[in-house]
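1. okay, structure incoming, though there's no sequence with it:
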């Protein structure tokens, strides 16, 4: 089924009644200034479909989630992309897929004025960052850090005047720009990369304690912000996800040796039984019980 994003929502930002059988969700969009917008959107598909959408030129700072984004706990990642011109494409959704984001769009000219730079300097900066840090689509992905979380919380909690909301958005954008600069440094600093690999080795040790990023950063000689950003950049996964994967692999090795010790192995992993099974199935494709029987 093919839809157009312009035809999905009514004037209140809810799914049109005639499409409610196929989709659920909402779209809340605020134009704080002609060149600064905030979007909070969620879509859940009940069938396989494709939605045609158009995007204006500008800088997009997006916080992605898997559910309706009401708190920072529902945000899973951060993306930054510069679109030099208006673009369009299809959002392909399978049955059961959920697409959620909190997104701010700002024009390079507006950001240049705020930062006392020229528009050319801003566009060149983001083009360079995309070339150095972006994927094939030019999207730069960042992990959530304590600084990012502190910047998003007042945006989600805001209920006052739009001028104060614009201030919160500027603050979040500035923090993300600082993080881009930090990631750019980490991408070519061999000394910093060596410290990140040291952190990776420590996490892989079975006897490593429950993850404390601040303590781990101190051990390897980085601050927690640099370690969090650098780990995602260099290793390709967040620190939290990587440690969970290491613990599941270690648990699988223990299960092969002693399937009857499962309760002890689960407790040792630091995960609840439900979390343990979910991660185990995600990584190995079978439950831990089935895995123990196979091996």
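-> Sure thing, it's come through. Here the structure is a predicted model, which is why all the values come from computation and not from measurement. Numbers count the residues shown, from 1 in each chain.
2. show me where the stretch 51-200 of the chain has its helices.
-> For the stretch 51-200 of the chain, applying DSSP state H, counting those that start in this stretch gives helices covering 108-115, 119-133, 146-157, 162-186, 190-204.
3. out of those helices, which is closest to residue 18?
-> Proximity to residue 18 (CB to CB) singles out helix 146-157 among the helices of the stretch 51-200 of the chain, at 30.9 Å. All C-beta atoms are positioned from the backbone trio N, CA, C, and that covers glycine.
4. would you turn the helices of the stretch 51-200 of the chain into a markdown table with distance to residue 231 and mean pLDDT?
-> Shown next, in a markdown table, are these (distance: least, CB to CB, whole Å; pLDDT from 0 to 100):
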| stretch | distance to residue 231 | mean pLDDT |
| --- | --- | --- |
| helix 108-115 | 28 | 96 |
| helix 119-133 | 14 | 96 |
| helix 146-157 | 14 | 94 |
| helix 162-186 | 9 | 94 |
| helix 190-204 | 6 | 94 |
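5. let's have the ones you listed in CSV, adding distance to residue 50 and mean neighbour count.
-> Output for the helices of the stretch 51-200 of the chain, formatted as CSV (distance: least, CB to CB, whole Å; neighbours: other CB atoms under 10 Å):
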stretch, distance to residue 50, mean neighbour count
helix 108-115, 30, 17
helix 119-133, 26, 16
helix 146-157, 30, 16
helix 162-186, 30, 17
helix 190-204, 39, 15
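6. dump these to a markdown table, plus distance to residue 230.
-> Below are the helices of the stretch 51-200 of the chain laid out as a markdown table (distance: least, CB to CB, whole Å):
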| stretch | distance to residue 230 |
| --- | --- |
| helix 108-115 | 25 |
| helix 119-133 | 12 |
| helix 146-157 | 14 |
| helix 162-186 | 4 |
| helix 190-204 | 5 |
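7. show residues contacting stretch 191-200.
-> 185-186, 216-217, 219-222, 226-227, 230-231, 234-235, 239, 242 (CB atoms under 8 Å, 6 or more residues apart in numbering).
8. swap in stretch 5-18?
-> 19, 23-29, 43, 51-54, 91.
9. next step: those residues restricted to strands.
-> 23-29, 43, 51-54, 91 (DSSP state E).
10. of these, grab the buried ones for ChimeraX.
-> Buried residues within the ones in strands among the contacts of stretch 5-18, by 16 or more other CB atoms under 10 Å, are selected in ChimeraX with:
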select :23,25,27,43,51
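11. reformat the ones in strands among the contacts of stretch 5-18 as JSON lines; add pLDDT and distance to residue 178.
-> Listed next are the ones in strands among the contacts of stretch 5-18 as JSON lines, based on pLDDT from 0 to 100; distance: CB to CB, whole Å:
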{"residue": "23", "pLDDT": "94", "distance to residue 178": "37"}
{"residue": "24", "pLDDT": "93", "distance to residue 178": "37"}
{"residue": "25", "pLDDT": "93", "distance to residue 178": "32"}
{"residue": "26", "pLDDT": "93", "distance to residue 178": "32"}
{"residue": "27", "pLDDT": "94", "distance to residue 178": "30"}
{"residue": "28", "pLDDT": "92", "distance to residue 178": "28"}
{"residue": "29", "pLDDT": "91", "distance to residue 178": "27"}
{"residue": "43", "pLDDT": "93", "distance to residue 178": "31"}
{"residue": "51", "pLDDT": "94", "distance to residue 178": "34"}
{"residue": "52", "pLDDT": "95", "distance to residue 178": "36"}
{"residue": "53", "pLDDT": "94", "distance to residue 178": "30"}
{"residue": "54", "pLDDT": "94", "distance to residue 178": "31"}
{"residue": "91", "pLDDT": "92", "distance to residue 178": "30"}
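12. which pair in the ones in strands among the contacts of stretch 5-18 spans the largest distance?
-> 24 and 54 (22.3 Å).
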